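Asker: what's the 3D shape of this:
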Amino acid sequence: MKSLKSIIPLVLAFFLLTALGNTGIAQQMPNKKMETTAKEIKFSDGTWKDIAAMAKKNKKYVFVDAYTTWCGPCKLLKSHTFKEKEVATFFNKNFINVTVDMEKGEGLTLAQKWDVNSYPALLFFTPDGKLVMKQIGFVEGKKLIEIGKQSMAKI
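Answerer: Sure thing, here's the model as predicted:
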């Protein structure tokens, strides 16, 4: 009888530790759905000519983040809006996304061509390269998704 009384606390402790241990392990295991959801907008590299060709081939609209390095609202878009899960999922699925420094390299020419002189400028192009919408300034995620949907409805 004495040995049974000493085993009961050990058995209870075993079950308690096992239950707690499984909870911790479950929380550490990666969630498959989480892995497939983007954490931020993925921006493509390349010249505008390359991006336009890719858009036409894949029949996807193009979203351009036209920015400058000194622009505070541009930095806020990159650190906030572009990292919202819902925004990333929408834009990665529906657009070829490009970010262009409008004061360097090809950005200088594109700024003139697209008549961009305020930043950030968020530009939306059809798969054929036609500019259909331009949004100037910082926007929250839900508003950016709304603008993206509007741009895809314009032809």
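
Asker: Show me the domain layout of this structure.
Answerer: 2-30, 38-153 (automatic domain parsing).

Asker: Turn the ones you listed into JSON lines, including mean neighbour count and mean pLDDT.
Answerer: Every residue, glycine included, has its C-beta placed from N, CA and C. Listed next are those as JSON lines, based on neighbours: other C-beta atoms under 10 Å; pLDDT from 0 to 100:
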{"stretch": "domain 2-30", "mean neighbour count": "9", "mean pLDDT": "48"}
{"stretch": "domain 38-153", "mean neighbour count": "17", "mean pLDDT": "96"}
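
Asker: What's the separation between the closest residue in space to residue 102 that isn't next to it in sequence and residue 123?
Answerer: Nearest-residue entry for residue 102: residue 111, 4.3 Å, with adjacent residues in sequence omitted and distances by C-beta to C-beta, 6 or more residues apart in numbering. Look at residue 111 and residue 123: by C-beta to C-beta, to the nearest Å, they are 11 Å apart.

Asker: Which residues are in contact with each of these two?
Answerer: Common contacts of residue 111 and residue 123 (C-beta atoms under 8 Å, 6 or more residues apart in numbering): residue 66.

Asker: Relative to residue 79, how far out is residue 68?
Answerer: 15 Å.

Asker: about what we covered before: let me see the contact set for the residue nearest to residue 102.
Answerer: 66, 102, 103, 117.

Asker: Spell out which helix or strand contains it, please.
Answerer: helix 106-113 (DSSP states H and E).

Asker: Since that was my last question, I'll sign off now.
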